[in-house]
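Enquirer: Quick one: sequence and predicted model below, then my questions.
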Amino acid sequence: MQCRKCGFWLPEPTPESCPQCNHPFHSGDDRSGPAWESRSSGIDLEAMLATVKGVLFQPAATFRSMRREGGMGGPLLFAVILGTISGWFGLLWQGFIQSLGFLSEGVGDQWLIGYIGLMVIAVLMPGFVLIGAFVSSAFWHVSLFLVGGARKSFETTFRVTAYVSGATNLFQIIPFCGGFIGGFWYLVAMIIGVREAHEISTGRAVLAILLPIILCCACFLVVWIFFLGPVIINAIQEM
Amino acid sequence: MRIYLANPDSGTAIHEPIWGWIGLAALAVPFWLPLERLGLLACPLKGATGILCFLCGGTRSFWAAAHLDFVSAWNFNPLGLLLFGVLLLYLPYALGSIAFRWPRPRLRLESGGERAVLRSLIAGGIGANWIYLLLR
């Protein structure tokens, strides 16, 4: 086990706090959350709201107490319900924007951008959310593995992804800018979520979640240096 | 490294049902979804810099492979073609495993060195594919 605060490798048997930074260590035995895990019925609105609130505003505490295993059905149901409702709102705003004629060019032809296309997507939305939850979890788990952060099973990554995507998808209800806010919140909550669930350092969690972005920026930098660098150097020398 | 057979009822044996059904859906979608009429989202990196990201062309590649146009699939993105090939091999096994409850083979990496080798292979494969996309 590694200290989540300073990255110090904790000796066995695990102490109650980190010998280096004194950060309290949670053994994981108290993992029974979030509220959605102990709901009384299939769809418990009170538990759903408590989970959304926890994921969005207290992600560290929520994922520190999240069950790492125990079936994927619960988290999947959470993600599909909220993702579908939020997705419908997203489509509603898209339809509204289209009705104003902003997206009439360059997005696709009338078959898709027409209202029938939007309705077809709306009907298929639960399926898209379901497949998206598994595919994005696999993507994050590979990313975690590549940076040495996949300390727990795929199910743990899936649970974090499902709860985070379900909660942050709700931002789509906000017209126009909801997607941007939700996207940013998603990344932050994912970083905190995988840090707490896989018990890795913050740096490693940031690296895992931002790896695709970092890779793309690095690629841009390399191309810039190799292709634009000589041009600029020549221009400077000629001055 | 250890290869072992997992009981279909155990908690570690969840991958076949998940990826089997998703794989089947992924293979079915290209036959009824007219990709050429679909306004796909543009890659933000390509839009901003003109540089392909390592996943650029992946959807079109998979779609072309599903229509048995392997040359186009390779040209769009070799990763999409690879994914299609892996899926073709995996699907019969996954669906058979679900139907007949076969024991499910699992690989356990037991040392840091083995994990490092696998990491290097994945990162190297993605990197090589990306270099190919950038230099072709």
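Expert: Okay, I see it. What you see is a predicted model, and the numbers here were worked out from it, not measured in a lab. Numbering: from 1, shown residues only, chains lettered A, B, ... in the order given.
Enquirer: Run the chain-centre distance for the helix or strand of chain B with the lowest mean pLDDT.
Expert: The least trusted helix or strand in chain B, going by mean pLDDT, DSSP states H and E, turns out to be helix B:44-49, with a mean of 72. In terms of C-alpha atoms, centre = their mean, to the nearest Å, the centre of helix B:44-49 is found 24 Å from the chain centre.
Enquirer: That helix packs against which elements?
Expert: Other elements packing on helix B:44-49 under the criterion 3 or more C-beta pairs under 8 Å, 6 or more residues apart in numbering or on different chains; DSSP states H and E are helix A:202-223. Every C-beta, even on glycine, is put in place using the N, C-alpha and C of the backbone.
Enquirer: could you pull out the helices for chain B?
Expert: B:15-32, B:44-49, B:58-66, B:70-76, B:78-100, B:112-135 (DSSP state H).
Enquirer: which of these sits most buried?
Expert: Stretch with highest mean neighbour count among the helices of chain B: helix B:58-66 (a mean of 22; mean count of other C-beta atoms under 10 Å in any protein chain shown).
Enquirer: what residue is smack in the middle of chain B?
Expert: residue B:83 (3.4 Å; C-alpha atoms, centre = their mean).
Enquirer: What sits closest to that residue if chain neighbours are left out?
Expert: For residue B:83, the nearest residue in space outside its immediate sequence neighbours is residue B:62; the separation is 6.1 Å by C-beta to C-beta, 6 or more residues apart in numbering or on different chains.
Enquirer: For the one you found, give its distance to chain A.
Expert: Noted for residue B:62: a distance of 12 Å to chain A, by C-beta to the nearest C-beta, to the nearest Å.
Enquirer: isn't residue A:35 right next to residue A:47, touching?
Expert: Yes - judged on C-beta atoms under 8 Å, residue A:35 makes contact with residue A:47 at a distance of 4.4 Å.
Enquirer: Counting neighbours, which bits of the strand or helix carrying residue A:88 end up buried?
Expert: Assigned by DSSP states H and E, residue A:88 belongs to helix A:73-99. Using 16 or more other C-beta atoms under 10 Å in any protein chain shown as the test for burial, helix A:73-99 gives A:74-87, A:89-91, A:93-95, A:98.
Enquirer: For the chain, give me the ranges with low pLDDT.
Expert: With no chain named, the answer covers chain A. Applying pLDDT under 70 to chain A flags residues A:1-14, A:23-30, A:101-114, A:216-239.
Enquirer: that's the other chain; I wanted chain B
Expert: Using pLDDT under 70, chain B drops low at B:10-13, B:33-42, B:44.
Enquirer: cutoff 80 now
Expert: In the predicted model of chain B, residues B:8-13, B:30-51 satisfy pLDDT under 80.
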